[in-house]
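[1] Here's my sequence, what's the structure:
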Amino acid sequence: MSKDPYAHLDAAYLLDALSPDERAEYEAHLERCPSCRAALEESRRVLPYLAVADEGALDGLLDESVTPDILAPPAPETLLPGLLAAARRTRRRRTTLIGSLGAVAAACLTALVLLALPLLDNSLNNRPMTPIGTSPLSATVVLQPTAWGTEIEVTCWDRTDTASPDYRYGLTVRGTDGATYPLGDWQLGPGRKVTFSTGTALTASQISTLDITDVQGRQLLTYTN
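    Numbering: from 1, shown residues only. Alright, predicted model coming up:
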């Protein structure tokens, strides 16, 4: 058995089963190895006979009455091992490609999940505030944790269309320690819906309640965290 590591690469080379690096390395070897060049030429002459188009042509190759000049030349010793090596290389490349595509698909799925999580989180946190007494207002609140505290988004509207034009409403947060902090105010008229965005240094777990008040400080809506 030949100890030349390139001896069985002739079939893989002709079947284009080598990687670009392997192909370049084999071609460089051919320039300095007469025996591999000879084996390659023998395989080049024989391989076309392996692609017999129909059974009639194959029967002709096996029929002893057919003149020898149309029969395939004898196969070189390196051809069968080379064909087996080419099949193994092709299988490995296909497996690697499938594995890579699987990894890409998994990465894309992970990215989609990560992108969807904030949307899901927002929809779950879009919680209604509870009216106090006969308040004509309705509101929902979203709490979004951040590195610096909590983003707060309140959507407020007058469900009875009786609010005074440009009446001002304010938002106050109460911490679990009992301290209160004003977070700003906004105007709201009949038939209008306002989305008010603000924030606090309190983390979501440190927020006890959020309250919407009028200009007199009366509680109109509340949300208990």
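[2] The chain: helices as residue ranges?
    Ranges of helices in the chain, per DSSP state H, are 10-14, 20-30, 34-50, 55-62, 79-125.
[3] For this structure, name the helix or strand with the lowest mean pLDDT.
    Using mean pLDDT, DSSP states H and E, helix 55-62 stands out as the lowest-scoring helix or strand of the chain, at a mean of 44.
[4] got any ranges where this structure has weak pLDDT?
    1-2, 46-124, 163-166 (pLDDT under 70).
[5] switch the cut-off to 90
    1-23, 26-27, 29-30, 33-127, 131-138, 156-169, 186-194, 204, 214-220, 225 (pLDDT under 90).
[6] Next, count neighbours for Arg44.
    A count of neighbours around Arg44, defined by other CB atoms under 10 Å, yields 14. From N, CA and C alone the C-beta is placed, and that goes for glycine too.
[7] tell me the contacts of it?
    Leu14 (CB atoms under 8 Å, 6 or more residues apart in numbering).
[8] And it, how close does it get to Thr224?
    Relative to Thr224, Arg44 is positioned 83 Å away (criterion: CB to CB, to the nearest Å).
[9] for Glu41, same thing?
    From Glu41 over to Thr224 the distance is 87 Å, taken as CB to CB.
[10] Over to Val141?
    As judged by CB to CB, Val141 and Thr224 stand 11 Å apart.
[11] Same question for Ala179.
    Between Ala179 and Thr224 the distance is 16 Å, computed by CB to CB.
[12] same deal with Leu14?
    77 Å.
[13] swap in Arg159?
    Between Arg159 and Thr224 the distance is 21 Å, computed by CB to CB.
[14] same question, Asn126
    Separation of Asn126 from Thr224 (CB to CB): 16 Å.
[15] Looking at Val141 and Thr224, which is more packed in?
    More crowded of Val141 and Thr224, by other CB under 10 Å: Val141, with 21 against 12.
[16] Setting aside sequence neighbours, what's the nearest residue to Val154?
    What sits nearest to Val154 in space, not counting adjacent residues and going by CB to CB, 6 or more residues apart in numbering, is Phe196, at 4.8 Å.
[17] just Thr130 next, same as before
    Nearest-residue entry for Thr130: Thr222, 5.5 Å, with adjacent residues in sequence omitted and distances by CB to CB, 6+ apart.
[18] quick one: contacts for the one you found?
    Thr222 makes contact with 129-130, 132, 209-212, according to CB under 8 Å, 6+ apart.
[19] Quick check: the farthest pair among the residues you listed?
    When the contacts of Thr222 are compared pair by pair using CB to CB, the two farthest from each other are Ile132 and Leu210, 12.5 Å apart.
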